[in-house]
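Got a predicted structure plus its sequence, pasted below:
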Amino acid sequence: MIALLKSKYVWNEEQFSRNETNNINIDDQLTNLFLSRKLGTADAALTGDADALWHDPYLFKDMKKLINRIKKAIDESEQILIYGDYDADGTTSTALLVKTLRDLNADVNFYIPHRFFEGYGPNEDAFMNAIGEGYKLIITVDCGIAAINEAMLLKEHDVDLIIVDHHKKKEKFPDAFAIIHPEYDETYPFNELAGAGVTLKVVEALKNNKLDPDDYMLAMFGTVGDVVNLVDENRTIVKKGLEALKETTNASVLAILKSIDESQYKADEVTVGYKICPRLNAPGRMDEASIVVEMLLAEDELTAQEYVFEVNAMNDERKAITDEITAAALLMVKEKSLSRKQKAIVLYNEYWHEGVLGIVASKLVDKFKIAVVVMTANDEGMLKGSARSPLGLDILEALIKNEGMLEAYGGHANAAGLTLQGEDYEALEVGLNTAFEISVASKELNIDLVTTVDAIDLEFFTKLQMLAPFGQGNKYPLVKFKGVKLKDIKRIGAKNDHIKLTMLQNNSKMDSIFFSGARNFIYLNSDSNYDIICELEINEWNGNQKIQANIKDIKCDDTQIIDLRNQKIDLEFGSDISDGFIITPDYLSIEDLKNAYLEKLASNIVLKPLKSINMPSREQFVFVYQTVAKHAPFSVTDEIVNYFLKHNISKGMLAFIVKVFKDVGVFSYEDSVISLIKVKKKVDYKQSQTYIKRSQKVAVLEFLELATANEILEFLLK
């Protein structure tokens, strides 16, 4: 039997395939999930131990060398320059290291390059200025691993360069005094630290392994802002950072939180990812990112509030410009008419603001599930932009395959930046699609837990939170319920595009919400069994807490009868029901209906809205006969039709009655002229084949109108 309600995604249940009953103990499932995601040790799995995975900073082979060089600079009162980056990861890395060195009485300053005038990473002009100002030690954070020429420049002028970075290494490393980079040190156990995470390891060594809560908090902002996988040390950083956020006395962070509507935030990863990090990123996108470092280093409340006011204003401007460009980009995509095979699209407008292109590209990726490059023109007439891609499409690899037409590029598998000579962006679109020809964007849902509705309670939900914080690489767990019943199914929302329902299983129930799930509405009923994948959340109302399912996908393998008799089939459902056995009254009998279904047993049943079939009364037959007998022959003109209409006989009914009398040899009807045929004996008009066929249809219709959907299903299946 082919199900009508198919899942939208491919369900990956590989970890449960060896267990035929899918009835693994839920605590065992949580422990296995904790371990498989590299969140900690088995002993720490259900305790929430934030120290589950933490590594000695001196496992970085150059760490001791770095510490000794910084101590020498402090002892000899040398000026130290911290050279950072303009995003949240770079600015928090800079603030973290500057704050630590100032606490150690170092003479330290910082420099953040301008995104639009200098671009990413160290540049020779900035380094020459630092040389001219007498710096003998420069430390790059969240950048520097590609600074081959810049490192040579510093060495020629007897300036020591220390690189603290995490970006993808090139074939050759810069000739630096020391390099702290997870990929540079193959013996370091974890290579997915953000720039702020690598900087935190330096700070840990500088502080003799005694980090402050605010150290974790600043590193958390960079870690979440750079969207790295929240596993291993990254998870520990964010977990401890969130704990610190709840108790922080940092004047700027408190001012940021105060500027956010209290109803919109808690001290959790959502607030950090969607409220705080966008503010930390905004100045670098719009103008000058140094203000973020100054803000994070501010010690008095008034100064902090002034910086936060400026940063919030830049963030508001960023949002407005982003919305404007996104709207224009969506129109451009519509005009291009994406083909189903297309896996990449390149958009260009010379007036678009460079600082928000990455956000715009991400929004388009979320909507279209393809790789997106959004570009603008810089002051030198070159095209510069951001590229984003969904899981399963490696945008960096695709750029590498097209590097012949690129001036510069770099980034990660799903996020990159690029510069293109001239306006040859259409050729780039062709090249990217060619590179992606054998790639497939991921449409899988990885099921993390399999359980039943009755097994879910507040105690389970508390255990589930032990896996937090959630984010990239540690997604909120997806739970599968198998064979649940549904009730109280209704469409909600201003556009009726969401579904609210209750799941029932083993005498337990759970409220559920299915956002943007309206297309499934016609397949949902209280009789079928459904498999559902969802996220679990707490719904709090009047101080009461209830667990609610946030449905992500649903399917039904039962033989279903889709009852649309009293529903309007909206265009939104399109041809979704065309695979089913569609029931109409056009059968000679209900037995013929059953036989037709049995012949097409490979699909489900759709009971479409029924159109009434009127059978004329005996009086109407008599009236037509008497009228024809008295006035025939006559042509069926509009006047004749109107005459019968006044006597409650429609044009269609008149045609049917005339055909019935013609069948039994009482009337003739040719060239729109009705004539009476005199017969010697009484004729029964009910013997007409036309009459018999309509009578049978009426009987079938009566069955379909009066029987319940279950009664119809039982009749067809028995």
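Great, that's in hand. Numbering: from 1, shown residues only.

show me what contacts the nearest residue to residue 435 once chain neighbours are set aside?
Excluding the flanking residues, the one nearest residue 435 by Cβ to Cβ, 6 or more residues apart in numbering is residue 398, at 3.9 Å. For glycine as for every other residue, the C-beta is placed from the backbone atoms N, C-alpha and C. With contacts defined as Cβ atoms under 8 Å, 6 or more residues apart in numbering, residue 398 is in contact with 344, 371, 389, 431-432, 435-436.

likewise residue 131?
If you count contacts by Cβ under 8 Å, 6+ apart, residue 131 has them with 154, 157, 159.

My guess is the first one contacts residue 138. True?
To tie it back to what came earlier, the one meant is residue 154. Yes. Residue 154 is within contact range of residue 138, at 6.5 Å (criterion: Cβ atoms under 8 Å).

The chain - how does it break down into domains?
10-36+445-557, 57-315, 338-435, 571-611+699-717, 618-687 (automatic domain parsing).

got the end-to-end distance for the third one?
Distance across domain 338-435, first residue to last, is 17 Å (Cα to Cα, to the nearest Å).

What average pLDDT does that domain get?
Averaging pLDDT along domain 338-435 yields 88.

And the residue lying closest to residue 651 once chain neighbours are set aside, how close does it get to residue 654?
In space, and not counting its chain neighbours, residue 651 is closest to residue 641: 5.1 Å by Cβ to Cβ, 6+ apart. According to Cβ to Cβ, to the nearest Å, residue 641 stands 7 Å off from residue 654.

re the thing from before, joint contacts of residue 154 and residue 138?
127, 160-161.

from these, which ones fall inside helices?
Judged by DSSP state H, helices contain the following of those: residue 127.

Just the buried ones from the shared contacts of residue 154 and residue 138?
Among the shared contacts of residue 154 and residue 138, the ones that count as buried by 16 or more other Cβ atoms under 10 Å are 127, 160-161.

Please convert those to JSON lines, extending it with distance to residue 458.
Formatted as JSON lines, these follow (distance: Cβ to Cβ, whole Å):
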{"residue": "127", "distance to residue 458": "57"}
{"residue": "160", "distance to residue 458": "56"}
{"residue": "161", "distance to residue 458": "54"}
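
Please render the residues you listed as a markdown table that adds pLDDT to the earlier fields.
Formatted as a markdown table, these follow (pLDDT from 0 to 100):
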| residue | pLDDT |
| --- | --- |
| 127 | 95 |
| 160 | 97 |
| 161 | 97 |
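
Looking at those residues, spot the one nearest residue 319.
Residue 319 has its nearest neighbour among those in residue 127, at 34.7 Å by Cβ to Cβ.

State the distance from the closest one to residue 172.
Distance, residue 127 to residue 172, by Cβ to Cβ: 19 Å.

Relative to residue 473, which of the buried ones among the shared contacts of residue 154 and residue 138 is nearest.
Nearest to residue 473 among those, with distances taken as Cβ to Cβ, is residue 161, at 31.2 Å.

just checking, the closest one touches residue 179?
No. Using Cβ under 8 Å, residue 161 is not in contact with residue 179, being 9.1 Å away.

Now do residue 186, the pLDDT please.
At residue 186, pLDDT is 81.

Now do the phi/psi pair for it.
phi -70, psi -20 (degrees, to the nearest 10).

That one and residue 630, how far apart?
Counting by Cβ to Cβ - residue 186 and residue 630 are separated by 107 Å.

before we move on, back to that, mind putting the contacts of residue 398 in a markdown table, distance to residue 680, neighbour count and secondary structure included?
Shown next, in a markdown table, are these (distance: Cβ to Cβ, whole Å; neighbours: other Cβ atoms under 10 Å; DSSP: H, G, I helix; E, B strand; the rest coil):
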| residue | distance to residue 680 | neighbour count | secondary structure |
| --- | --- | --- | --- |
| 344 | 84 | 23 | strand |
| 371 | 85 | 31 | strand |
| 389 | 87 | 30 | coil |
| 431 | 89 | 21 | helix |
| 432 | 87 | 26 | helix |
| 435 | 88 | 21 | helix |
| 436 | 84 | 24 | coil |
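
Which two among the residues you listed are spaced furthest apart?
Taking Cβ to Cβ, the two most distant members of the contacts of residue 398 are 389 and 431; they sit 14.3 Å apart.

what helix or strand does the residue nearest to the spatial centre of the chain sit in?
Note on the chain: the residue nearest the mean C-alpha position is residue 366, at 5.8 Å, using Cα atoms, centre = their mean. Counting by DSSP states H and E, the element that carries residue 366 is helix 357-368.

Packing partners of that helix?
helix 301-336, strand 344-348, strand 371-377, strand 383-388 (3 or more Cβ pairs under 8 Å, 6 or more residues apart in numbering; DSSP states H and E).

of all those, which lies closest to residue 682?
Of all the helices and strands packed on helix 357-368, it is helix 301-336 that lies closest to residue 682, at 70.5 Å by Cβ to Cβ.

could you dump the longest strand along the chain to PDB, C-alpha only?
Identified as the longest strand of the chain according to DSSP state E is strand 479-492. Taking C-alpha atoms only, strand 479-492 is exported to PDB below (Å, rounded to 0.1, in the frame of the first residue of the first chain):
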ATOM      1  CA  VAL A 479      12.500  12.500  19.000                       C
ATOM      2  CA  LYS A 480      10.500   9.900  17.100                       C
ATOM      3  CA  PHE A 481       7.100   8.600  18.200                       C
ATOM      4  CA  LYS A 482       5.800   5.600  16.300                       C
ATOM      5  CA  GLY A 483       2.100   4.700  15.900                       C
ATOM      6  CA  VAL A 484       0.400   7.600  17.700                       C
ATOM      7  CA  LYS A 485      -3.200   8.600  17.400                       C
ATOM      8  CA  LEU A 486      -4.300  12.200  16.900                       C
ATOM      9  CA  LYS A 487      -7.200  14.300  18.100                       C
ATOM     10  CA  ASP A 488      -8.300  17.900  18.400                       C
ATOM     11  CA  ILE A 489      -6.800  18.600  14.900                       C
ATOM     12  CA  LYS A 490      -7.200  22.200  13.800                       C
ATOM     13  CA  ARG A 491      -5.600  24.800  11.600                       C
ATOM     14  CA  ILE A 492      -4.400  28.000  13.400                       C
END
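
partner strands of it, parallel or antiparallel?
The sheet places strand 479-492 alongside strand 449-451 (parallel), strand 498-505 (antiparallel), strand 530-541 (antiparallel), with pairing taken from DSSP bridges.

and of those strands, who's closest to residue 668?
Residue 668 sits nearest to strand 498-505 of all the strands paired with strand 479-492, at 58.7 Å, using Cβ to Cβ.

Give me the next element, helix or strand, following that closest one.
As assigned by DSSP H and E, the chain's next helix or strand after strand 498-505 is strand 508-514.

pLDDT score for residue 544?
For residue 544, the pLDDT comes out at 83.

partner residues bridging it?
Legend: beta-bridge partners of residue 544 under DSSP bridges are residue 541.

Would you mind measuring from the residue nearest to residue 505 when sequence neighbours are not counted to residue 364?
If the residues on either side of it in the chain are set aside, residue 505 comes closest to residue 453, at 3.8 Å by Cβ to Cβ, 6+ apart. Here the criterion is Cβ to Cβ. By it, residue 453 lies 38 Å from residue 364.

Check which helix or strand residue 409 maps to.
strand 406-411.

Next, the angle strand 383-388 makes with that strand.
30 degrees (axes from the mean of the first three to the mean of the last three Cα atoms, to 10 degrees).

Nearest to residue 524 among the contacts of residue 131?
residue 154 (66.3 Å).

State the distance from the closest residue in space to that closest one that isn't next to it in sequence to residue 81.
Counting by Cβ to Cβ, 6+ apart, residue 161 is the residue found nearest to residue 154 once chain neighbours are left out, at 4.8 Å. According to Cβ to Cβ, residue 161 and residue 81 sit 10 Å apart.

Common neighbours of these two, please.
Taking Cβ under 8 Å, 6+ apart as the criterion, residue 161 and residue 81 both touch 138-139.

so where's the chain uncertain?
Applying pLDDT under 70 to the chain flags residues 1-4, 14-24, 42-52, 262-265, 439-442, 567-579, 601-603.
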